[in-house]
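Enquirer: the following block contains a protein sequence and its predicted model.
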Amino acid sequence: MGEKVWRIGLIGFGNVGQGFVRILASKKEVLYDRYKFRYKLVAIADPVKGSVYDPEGLDEKKLIELIEKEGNIKSYPRGKKDIDSLTVCRSGDIDIVVEVTPTNVETGEPGLTHIREALKHGKHVVTSNKGPIALAYPELKRLADEKGVMLRFEGTVLSGTPSLNLSLEAMAGVDINKIEGIVNGTTNFILTKMEEGMSYEEALKEAQRLGYAEADPTADVEGWDAAVKAVILANVVMGGEITIKDVEREGITKITLEDVKDALKNGQRIKLIARVIKEDNKVRASVKPERISLSHPLANVMGATNALTFYTDHLGPVTIIGPGAGRVETGQAILTDILAIHRYSS
Ligand code: HSE
């Protein structure tokens with residue numbers, strides 16, 4: 001039998017979609033040499049940046065060139081241009097749907113519909129879209145299992161830094177009764193910059209420019225994004241059944257430059273800490289700014305870097321520190337998940 005050529009359809013060509021395609025453009029040969037992974041990116045659907053379908057495979061370098069020069073891919077030289085996202089989910093010509101549209105934590109849409117449709121049509125789904133996973137993980141997982149396909153979402157927590165795959169796969173067999181850490185890049189970046197003297201507004205603008213912030217940055221600064229990640233950790237890693245309403249949540253909007261300086265004067269730093277605890281088989285979660293001592297392991301996690309400590313039975317505390325947001329960083333999570341599908345299917 002010849003080697004499988006994975007046919008990939010991408011829904012959403014914003015920060016994460018572009019980061020992923022950039023990685024593909026630079027790693028195509030490496031992916032084959034190292035992992036015997038062959039693929040064709042056959043479709044991109046994005047109502048703003050442009051859509052294109054070519055069964056022969058799109059040219060990643062050309063796509064990036066167009067984005068850099070024109071800000072969209074509408075003048076891509078080949079293929080069918082009127083393809084929409086639902087066609088990608090239902091197409092018989094696609095094996096893996098990558099869903100990277102902007103997150104909506106209230107409705108999960110449009111991602112939720114995309115993921116449901118793709119799974120129903122027997123496609124593997126890889127996503128970094130937090131809303132659908134936080135809102136409907138049990139339903140989506142059941143659907144994936146029924147159809148014998150994989151639903152993978154490493155990029156929803158800590159971008160490409162292993163968190164879900166680390167706890168579920170690399171540490172399979174342990175019990176985890178507490179997870180604690182910094183899970184939002186934008187707020188950690190803002191707090192870091194404020195310490196350097198930058199105003200809150202300037203720091204937020206910079207975080208947006210660097211592609212860390214959500215489309216609506218209120219989701220970051222009010223703690224919603226961190227709360228959503230806490231829900232995902234609670235339900236996926238610790239077997240909880242909580243919703244975002246169950247998370248005790250406070251953001252960083254009330255923190256002033258004076259608060260940041262005052263903390264520092266007292267040998268402390270303000271960090272937005274997410275915590276998930278399992279006690280008597282009940283899981284509860286919180287997200288709030290806390291003053292922690294400079295000697296605390298999380299105190300020196302700066303900028304858009306994130307960190308998570310898993311408290312396990314067999315290993316004690318296990319901590320991972322790495323990027324928590326960013327285009328290529330989240331694109332890496334998509335790649336990791338696709339390579340896992342390839343590995344499990346080989
Ligand atoms: N807005 C998110 C953050 C992106 O700042 O962490 C990554 O989930």
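Expert: That came through fine. Numbering: from 1, shown residues only.

Enquirer: phi, psi of the residue in the stretch 1-150 of the chain that the ligand sits nearest to?
Expert: Of all residues in the stretch 1-150 of the chain, Lys130 sits closest to the ligand, at 6.6 Å by Cβ to the nearest ligand atom. No exception for glycine: its C-beta is placed from N, CA and C like everyone else's. The phi/psi pair for Lys130 (degrees, to the nearest 10) reads phi -80, psi -30.

Enquirer: wait, isn't it in contact with Val228?
Expert: Yes - assessed by Cβ atoms under 8 Å, Lys130 is found in contact with Val228 at 4.7 Å.

Enquirer: so which of those two has more stuff around it?
Expert: Using other Cβ atoms under 10 Å, the more surrounded residue of Lys130 and Val228 is Val228, with 28 against 25.

Enquirer: okay, that one: pLDDT?
Expert: The confidence metric pLDDT takes the value 97 at Val228.

Enquirer: show residues contacting stretch 328-345.
Expert: With contacts defined as Cβ atoms under 8 Å, 6 or more residues apart in numbering, stretch 328-345 is touched by 4, 6, 8, 15-24, 27, 31, 35, 37, 39, 96, 98, 100, 124, 126, 128, 150, 152-155, 159-162, 165, 169, 323.

Enquirer: show me those residues that map onto strands.
Expert: 6, 8, 39, 96, 98, 124, 126, 152, 323 (DSSP state E).

Enquirer: looking at the longest helix out of those in the chain now, give me its mean pLDDT.
Expert: Longest helix in the chain by number of residues (criterion: DSSP state H): helix 15-35. Average pLDDT, helix 15-35: 97.

Enquirer: buried stuff in that helix?
Expert: Neighbour-count burial for helix 15-35, with 16 or more other Cβ atoms under 10 Å as criterion, is recorded at 15-25, 31.

Enquirer: ok, now stretch 314-325?
Expert: 318, 320-325.

Enquirer: just give me the closest of these to the ligand.
Expert: For the buried residues of stretch 314-325, the nearest to the ligand is Ala325 (3.6 Å; Cβ to the nearest ligand atom).

Enquirer: could I get the contacting residues of the nearest residue to Val237 once chain neighbours are set aside?
Expert: In space, and not counting its chain neighbours, Val237 is closest to Ser167: 4.8 Å by Cβ to Cβ, 6 or more residues apart in numbering. Neighbouring residues of Ser167 by Cβ under 8 Å, 6+ apart: 174, 176, 237, 310.

Enquirer: which phi and psi does Glu68 have?
Expert: For Glu68, the backbone dihedrals are phi -70, psi -40 (criterion: degrees, to the nearest 10).

Enquirer: ok, Gly71 next?
Expert: Residue torsions, per degrees, to the nearest 10, at Gly71 are phi 80, psi 0.

Enquirer: could you report the neighbour count for the nearest residue to it once chain neighbours are set aside?
Expert: Closest residue to Gly71 apart from its sequence neighbours, by Cβ to Cβ, 6+ apart: Lys49 at 7.7 Å. Look at Lys49: counted by other Cβ under 10 Å, it has 20 neighbours.

Enquirer: against Lys193, how distant is Gly251?
Expert: To Lys193, Gly251 is 16 Å away according to Cβ to Cβ, to the nearest Å.

Enquirer: check Pro138 too.
Expert: 39 Å.

Enquirer: looking at these two, which one has more neighbours?
Expert: Lys193 (20 against 10).

Enquirer: restrict the host helix or strand of that one to CA atoms and write it as PDB.
Expert: Assigning secondary structure by DSSP states H and E places Lys193 in helix 185-195. In PDB, the C-alpha atoms belonging to helix 185-195 read as follows (Å, rounded to 0.1, in the frame of the first residue of the first chain):
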ATOM      1  CA  GLY A 185      -0.500  35.300  27.700                       C
ATOM      2  CA  THR A 186      -2.100  38.700  27.200                       C
ATOM      3  CA  THR A 187      -2.600  39.500  30.800                       C
ATOM      4  CA  ASN A 188       0.800  38.200  31.900                       C
ATOM      5  CA  PHE A 189       2.300  40.300  29.100                       C
ATOM      6  CA  ILE A 190       0.400  43.400  30.300                       C
ATOM      7  CA  LEU A 191       1.400  42.900  33.900                       C
ATOM      8  CA  THR A 192       5.100  42.400  32.900                       C
ATOM      9  CA  LYS A 193       5.000  45.600  30.800                       C
ATOM     10  CA  MET A 194       3.300  47.600  33.500                       C
ATOM     11  CA  GLU A 195       6.200  46.600  35.800                       C
END
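
Enquirer: buried ones in stretch 34-43, by neighbour count?
Expert: Within stretch 34-43, the residues scored as buried using 16+ other Cβ under 10 Å are 37, 39-43.

Enquirer: fine by me, we can end here.
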